[in-house]
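[1] with the sequence up front, the predicted model follows.
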Amino acid sequence: MKIVVAADPFAVELKDIVKAHLEQKGYSVTDCGAQAGNDIAYYDAAPAAARLLQSGAAERGLLFCGTGAGMCIVANKFKGVNAVCVESVFSARMARVINDANVLTMGAMMIAPWMAKAMVDTWLETKHTEGLEDLADFLRDACARVQALDPA
């Protein structure tokens, strides 16, 4: 699986830890965010990641900033990107099960590295509707209807 990661200067360390974790597990990872000594604001890093998802160059995305909120707001402005800001393993799991999220955002001011790795692993290993099979039709329909929204 191809995963894009990006961070702003507040979250480079957490992004690098998660990136190394993913590479160790055999994932292909593209980093389009800030690096040590190369500051990129969240409002520039998130669009770069979102465009890779839109083009098919990446299947999933992980975006990191101070709180996770800024990256989430920006990423969700791009059609086909379904980003959820998560702060627990449970919320990461439910982002896939309920919302079929293809992007997770996290805040380095709130998430310890061990928790971030557990959240990412759970999210990557969980399928849409998993564990909520009795609601599967509704959840698939809901996601399709959300994708069809074209707000003015």
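    Perfect, thanks for sending it.
[2] any weak-confidence spans in the protein?
    For the chain, the stretches with pLDDT under 70 are 150-152.
[3] let me know the secondary structure of the residue located most distally from the centre of it.
    The C-alpha centroid of the chain is most remote from Asp134, which lies 26.1 Å away (CA atoms, centre = their mean). For Asp134, the assignment made with DSSP: H, G, I helix; E, B strand; the rest coil gives helix.
[4] residues touching the closest residue to Gln35 other than its chain neighbours, list them.
    Distances taken as CB to CB, 6 or more residues apart in numbering place Val12 nearest to Gln35, at 6.6 Å, with adjacent residues excluded. For the C-beta atoms, the positions are set from N, CA and C on the backbone; glycine is no exception. By CB atoms under 8 Å, 6 or more residues apart in numbering, the contact list for Val12 reads Gly33, Ala34, Gln35, Ala36, Phe64.
[5] determine which two of those residues are furthest apart.
    Ala36 and Phe64 (13.8 Å; CB to CB).
[6] neighbour-wise, which of these two wins?
    Set side by side, Ala36 and Phe64 show more neighbours around Phe64, with 31 against 9, by other CB atoms under 10 Å.
[7] that one in helix, strand or coil?
    Put simply, Phe64 is strand when judged by three-state DSSP.
[8] for it, give the beta-bridge partners.
    Bridge pairing for Phe64 (DSSP bridges) gives the partners Ala7, Met106.
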